[in-house]
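Visitor: Structural data only, the sequence is not supplied:
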């Protein structure tokens, strides 16, 4: 059953990507609507794939790298769909869905550690992890939007428009979408981190102990707050703020990979 | 689907001229105002030249579409004479510019017009609105009938399809509109934005018109001669700023368009740097339409400014023209698709008219036939005669009704039947032909 939903998810995401690309290229309404619908279907299949895998392994998705990456992809899709509906802008889909598809697909090529016994740690812990991964997904989305902004601004400033510029969203809309995405990320990472302290307190009886991940998360939080503030200020408005957003996401990736694997004793895959 | 009209009524005629066939001085003399178009349609119908009429008049074309009441080619001649008389233009001046299209050629021509394929600016969108306006006007005046209604509804549909399914009209083709589209790439819709236009000449007027079309929130105007700026401001509900008051003027707008005829630079890099600092680095789109240039090219280096000169915009327009040209085959395919549909509809209506005439002829033949045969059958009474007549009528109905029903329900069959002359010649005499 799990394999069926994996295949359905890949199929739905691939078809959705095809429709988003057609929408980007032709601007026709029908492929755009179809793309959104297929992404919804992909989300549903992806959710069921996560659910069946978790049930089969008697563990939570974020117990191993495979599940964490897949959950990241799912939350990225959720965040993107919310953003698409809120800002009524489908063009970005052609740039985000490949990322979602990549995370989902690659997760099945990484080593599967689901056989090892898992500790659920309770609801608070689950929320802590889910919200943290949601924050990473929102930051990933803002990074994609910022890269799109930088590319489009560069084309417009160099006056080398080609075919693409006419199909991309306006620069100011990309900025607004990026702000919304960062705001979602900031809120969820703040709540998620706070819940992490509560979970640690419940599990160990002490709410604080040193973990390099804390420092890194705090750094990410501060830098995104700085971005959020600077993006509205005089000197940084526009491309500079977008570059900062991309830089911040590099730190998020480092936090998700290097810090988790080599430095943090308690954070492995989230 | 309407029935029972004579076949000849279905034939469509078009007489007109456009920018390709007529110079401006002829086009402007043959242009129809709203009232003239209504009067012309009325006269053409009351004089029995056309049964259905529609006048399409834009700055680039004047065309009269009709379903003729006279014999085929006579209508076209009468229409040429009518145009010459109506506009008081000598026939020898007018006739060389006129084109005449009949039936399918006329239909194809209208579909191409509606698709923007016959426009001076390939793929322009305005023509579709003008076709719609002309049709609604003629409809209100009851100048159109079933044929022109069907024809113009199809023309409007194809116009919409070409614009939604091809990129024929997707990209800007004028320098001013290309500039506006670029501004929209930065700010999105311009409805909540403000713009400053420097200069009050013809180019500035075009830019102002483009900005107004996009419902720009605030429009500021600056010109060395304040009176000219105020004149333009009156036309477009703009606000005039004193020439030279750059600190105030550059702080406000999102878009600055300069079209000043001067040898000196109007906006220097330091001026714009100062303005950008004052406006908190909000993005600024600069459109320099002046020759020589009005804005220092080095201003393009300023953070968050986007500077386009007339050459940059012309290059974009050239690229767009090529892109539109490559969409022509797609648009033409749509025209042919709709033409085939229209011909199919027209054929089915014509066939039903032929079948009606044939039924009538068979009934007449039945009466004569029965009269001849029954005189020698004295043993049959009046009731029997009536019964036989009734049975023969029923047989005729059965023979005739099946093809008519099939015509209504089978689209493929309608497409096959496109030339009914053979059928008419086979069964009907000239007098009986519809």
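Guide: Right, received. Where do you want to start? What you see is a predicted model; the values in this text were computed from it and never measured.
Visitor: wait, what's in contact with the most centrally placed residue in chain B?
Guide: The geometric centre of chain B, computed from its C-alpha atoms, lies nearest to residue B:114 (C-alpha atoms, centre = their mean), at 3.4 Å. Residue B:114 is in contact with B:127-128, B:131, B:155-156, B:158-159, B:162, counting by C-beta atoms under 8 Å, 6 or more residues apart in numbering or on different chains. For the C-beta atoms, the positions are set from N, CA and C on the backbone; glycine is no exception.
Visitor: can you do 10 Å?
Guide: B:56, B:127-128, B:130-132, B:135, B:152, B:154-162, B:335, B:338 (C-beta atoms under 10 Å, 6 or more residues apart in numbering or on different chains).
Visitor: And for residue B:155?
Guide: B:56, B:65, B:107, B:110-115, B:128, B:131-132, B:135, B:148, B:335, B:338, B:342.
Visitor: Just give the nearest non-adjacent residue to residue A:105, would you?
Guide: Take residue A:105 and drop its neighbours on the chain: the residue closest to it by C-beta to C-beta, 6 or more residues apart in numbering or on different chains is residue A:10, 6.6 Å away.
Visitor: meant to ask about residue B:211, not that
Guide: residue B:195 (5.3 Å).
Visitor: For my notes, confirm the one you found occurs in a strand.
Guide: Yes - assignment of residue B:195 by DSSP: H, G, I helix; E, B strand; the rest coil places it within a strand.
Visitor: Surely it touches residue B:217?
Guide: Yes - counting by C-beta atoms under 10 Å, residue B:195 does reach residue B:217; the two are 9.0 Å apart.
Visitor: Overlap in contacts, these two.
Guide: Joint contacts of residue B:195 and residue B:217 (C-beta under 10 Å, 6+ apart) are residue B:254.
Visitor: who in chain A is up against chain B?
Guide: Within chain A, the positions lying close to chain B (C-beta under 10 Å from any C-beta of the partner chain) are A:25-30, A:89, A:152-153, A:155-159, A:161-163, A:165-176, A:232-240.
Visitor: any idea how far residue A:249 is from residue B:137?
Guide: 58 Å (C-beta to C-beta, to the nearest Å).
Visitor: Give me the more crowded residue out of those two.
Guide: residue A:249 (24 against 18; other C-beta atoms under 10 Å in any protein chain shown).
Visitor: mind checking pLDDT for that one?
Guide: Confidence at residue A:249, expressed as pLDDT, is 93.
Visitor: for residue B:104, same thing?
Guide: Residue B:104 is given a pLDDT of 90.
Visitor: Look at the closest residue to it other than its chain neighbours and say how many residues are nearby.
Guide: Of all residues not flanking residue B:104 in the chain, residue B:343 sits nearest, at 6.2 Å (C-beta to C-beta, 6+ apart). Neighbour count for residue B:343, taken as other C-beta under 10 Å: 18.
Visitor: Same question for the one 3 residues further on.
Guide: Neighbouring residues of residue B:346 were enumerated by other C-beta under 10 Å; the total is 22.
Visitor: does it sit in a helix or strand, and which one?
Guide: Here residue B:346, judged by DSSP states H and E, is contained in helix B:328-374.
Visitor: same thing with residue B:55?
Guide: Residue B:55 belongs to strand B:50-57 when assigned by DSSP H and E.
Visitor: For that strand, name the packing helices and strands.
Guide: Applying 3 or more C-beta pairs under 10 Å, 6 or more residues apart in numbering or on different chains; DSSP states H and E, we find strand B:50-57 packed against strand B:12-18, helix B:34-46, strand B:61-68, helix B:72-86, helix B:103-115, helix B:126-140, helix B:146-165.
Visitor: Just name the most buried of the ones you listed.
Guide: The highest mean neighbour count among those, using mean count of other C-beta atoms under 10 Å in any protein chain shown, belongs to strand B:61-68: a mean of 26.
Visitor: any idea how far that one is from the chain center?
Guide: Computed by C-alpha atoms, centre = their mean, to the nearest Å, the chain-centroid distance of strand B:61-68 equals 13 Å.
Visitor: what residue ranges in the chain are flagged as low confidence?
Guide: Using chain A. Within chain A, the ranges that satisfy pLDDT under 70 run A:60-63, A:110-121, A:206-209, A:264-270.
Visitor: looking at chain B here, not the other one
Guide: In the predicted model of chain B, residues B:1-10, B:69-73, B:407-434 satisfy pLDDT under 70.
Visitor: Check the gap between the residue nearest to residue B:211 and residue B:22 for me.
Guide: Going from residue B:195 to residue B:22 by C-beta to C-beta gives 37 Å.
Visitor: So these two - more neighbours on which side?
Guide: Neighbour totals were compared for residue B:195 and residue B:22, and residue B:195 leads with 27 against 23 (other C-beta under 10 Å).
Visitor: Run through the neighbouring helices and strands of the longest helix seen in chain A.
Guide: In chain A, assigned by DSSP state H, the helix with the most residues is helix A:123-158. Here helix A:123-158 touches helix A:65-87, helix A:93-107, helix A:171-204, helix A:212-230, helix A:239-254, helix B:175-187, strand B:305-309, going by 3+ C-beta pairs under 10 Å, 6+ apart.
Visitor: orientation of the first one relative to helix A:171-204 in degrees?
Guide: What separates the directions of helix A:65-87 and helix A:171-204 is an angle of 140 degrees, with axes from the mean of the first three to the mean of the last three C-alpha atoms, to 10 degrees.
Visitor: Give the buried residues for the helix or strand containing residue B:28.
Guide: Per DSSP H and E: residue B:28 is located in helix B:24-30. For helix B:24-30, burial by neighbour count (16 or more other C-beta atoms under 10 Å in any protein chain shown) applies to B:26-27, B:30.
Visitor: Next: stretch A:70-90.
Guide: For stretch A:70-90, a neighbour-count test (16+ other C-beta under 10 Å) marks A:70-81, A:83-84, A:87, A:89-90 as buried.
Visitor: Using the three-state scheme, assign the residue of chain B positioned farthest from its centre.
Guide: Distance from the centre of chain B peaks at residue B:379, with 69.9 Å (C-alpha atoms, centre = their mean). Assigned with three-state DSSP, residue B:379 falls in the coil class.
Visitor: Next, give phi and psi for it.
Guide: For residue B:379, the backbone dihedrals (degrees, to the nearest 10) come out as phi -70, psi -10.
Visitor: Next, count neighbours for the residue lying closest to residue A:6 once chain neighbours are set aside.
Guide: In space, residue A:6 comes closest to residue A:49 once its chain neighbours are excluded; the distance is 5.0 Å by C-beta to C-beta, 6+ apart. For residue A:49, the neighbour count with other C-beta under 10 Å is 25.
Visitor: The one 3 residues further on too?
Guide: Other residues near residue A:52 number 16, with proximity taken as other C-beta under 10 Å.
Visitor: give the contact list for it.
Guide: Contact partners of residue A:52, counting by C-beta under 10 Å, 6+ apart, are A:1-6.
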